[in-house]
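Chemist: got a sequence here, can you build the structure:
(chains A, B and C)
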Amino acid sequence: MGRRIRSVTSSAKRLRGPASTAWKTHVIGRRINSIWRRGKWIVFDLTSSEHLVFHLGMTGRLTVVRKETPVESHTHWRFALANGRQELRFRDVRRFGSVTYLKSPQALDRFFEERRLGPEPFSVPLAYWHQRLLSTKRCLKAVLLDQTVVAGVGNIYADESLFIARISPTRTGRQLTLEEAERLRRAIVEVLRRAITRRGATIRDYVGGSGREGEYQREFRVYGQTGAPCPRCGRRIECIRLAGRSTHFCRRCQPTRPQRKGQRLIGTEHEGSQQDQCRIEHSNAC
DNA sequence: ATAGGCGCCTGCTGGC
DNA sequence: TGCCAGCAGGCGCCTA
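Modeler: Prediction:
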């Protein structure tokens, strides 16, 4: 933050997002005033009220390095900084990430409105949360991954949050009791706060801005732990395919119905209704 | 309007 | 040892 952009270089390969890179010359000389985040989108506020919005996709890295640092393969964008010594680099092996130039605050607002992002996970209003859960027959795994419900939860944190909340990922939103819904909301906050403290999770590619790997993967309870003993009860962690994604959970600690009888459901479904269970796809995944 | 499936990419791993 | 199918942190488009 505070640096000016001296030059911009892009690779020939295109990423997600708008194909045009005509804005490249336009941001030269602009100062990076602030950097913030909305869901999984990283926003750079430039002078003249312009914005650059980055998404890391699956394998994106956004780092600041000394300019003489050898350029790694799959580096798609390089922003030389005006101190003359450093570069901001965007590397993305799979190219599911994106860089988007937005020319005004209004354009930025529109960008996020089009994506209909839900609230930030740290400030989800309780009434809203209940409403979104009770109104859906989708399984919780699909709901947590839906960025219009809550912005910023991905596959790792969905699995970890459901484990902490002791709720099966196959349950549907409207099957939850009020108490379970609140437990899940708190679990998401707990997991994300802890993961941020540990600077994210590195499975293969991810590094933070300084190039340092995250450490939250050392605290995974279920994600990627297929066959390992559950840290709570010792039963083997299972992996199923849900909402098209690998889903890790403990069948004993995350039961498919409320643990205590007689609790009020958010929705109108009968407790544990079979047809309200999510379909589990057959797959060799995990 | 909603929900599910698939395509986009490249690299790596495990099974044969 | 080499080949190849299948899988991986996500999103957006299409269809039913």
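Chemist: phi and psi next, for residue A:248.
Modeler: The phi and psi values for residue A:248, taken as degrees, to the nearest 10, are phi -110, psi 140.
Chemist: residues in contact with the spatially closest residue to it that is not a sequence neighbour?
Modeler: In space, and not counting its chain neighbours, residue A:248 is closest to residue A:222: 4.1 Å by CB to CB, 6 or more residues apart in numbering. (Each C-beta comes from the backbone N, C-alpha and C, glycine too.) For residue A:222, the residues meeting the contact criterion (CB atoms under 8 Å, 6 or more residues apart in numbering) are A:159, A:160, A:163, A:230, A:237, A:248, A:249, A:250.
Chemist: could these go into TSV alongside secondary structure and distance to DNA strand C?
Modeler: Below are these laid out as TSV (DSSP: H, G, I helix; E, B strand; the rest coil; distance: CB to the nearest atom of the strand, whole Å):
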residue	secondary structure	distance to DNA strand C
A:159	helix	9
A:160	helix	11
A:163	helix	15
A:230	coil	19
A:237	coil	13
A:248	strand	9
A:249	strand	13
A:250	coil	17
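Chemist: buried among those? Make that a PyMOL selection.
Modeler: Buried residues among those (16 or more other CB atoms under 10 Å), as a PyMOL selection:
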select buried, chain A and resi 159+160+163+230+237+248+249+250
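Chemist: how about the residues of the stretch 51-200 of chain A by DNA strand C?
Modeler: Counting by CB under 7 Å from any atom of the strand, the stretch 51-200 of chain A comes close to DNA strand C at A:55, A:57-59, A:94, A:96, A:115, A:145, A:147, A:154-156, A:200.
Chemist: for DNA strand B, what's its nearest residue on chain A.
Modeler: The minimum distance from chain A to DNA strand B, using CB to the nearest atom of the strand, falls at residue A:94 (3.3 Å).
Chemist: hey, where'd the strands end up in chain A?
Modeler: Listed in chain order, the strands of chain A (DSSP state E) span A:5-10, A:32-38, A:41-46, A:51-55, A:60-66, A:75-81, A:86-92, A:98-102, A:238-242, A:245-249.
Chemist: need those in CSV (columns: distance to residue A:111 and mean pLDDT).
Modeler: CSV is the format used below for those (distance: least, CB to CB, whole Å; pLDDT from 0 to 100):
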stretch, distance to residue A:111, mean pLDDT
strand A:5-10, 20, 97
strand A:32-38, 10, 98
strand A:41-46, 8, 98
strand A:51-55, 7, 98
strand A:60-66, 18, 97
strand A:75-81, 18, 98
strand A:86-92, 18, 98
strand A:98-102, 6, 97
strand A:238-242, 30, 94
strand A:245-249, 25, 95
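Chemist: could you dump these to JSON lines with distance to residue A:256?
Modeler: Below are the strands of chain A laid out as JSON lines (distance: least, CB to CB, whole Å):
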{"stretch": "strand A:5-10", "distance to residue A:256": "49"}
{"stretch": "strand A:32-38", "distance to residue A:256": "34"}
{"stretch": "strand A:41-46", "distance to residue A:256": "34"}
{"stretch": "strand A:51-55", "distance to residue A:256": "34"}
{"stretch": "strand A:60-66", "distance to residue A:256": "36"}
{"stretch": "strand A:75-81", "distance to residue A:256": "44"}
{"stretch": "strand A:86-92", "distance to residue A:256": "38"}
{"stretch": "strand A:98-102", "distance to residue A:256": "37"}
{"stretch": "strand A:238-242", "distance to residue A:256": "12"}
{"stretch": "strand A:245-249", "distance to residue A:256": "10"}
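Chemist: if anything else comes up later, I'll come back, but that's it for now.
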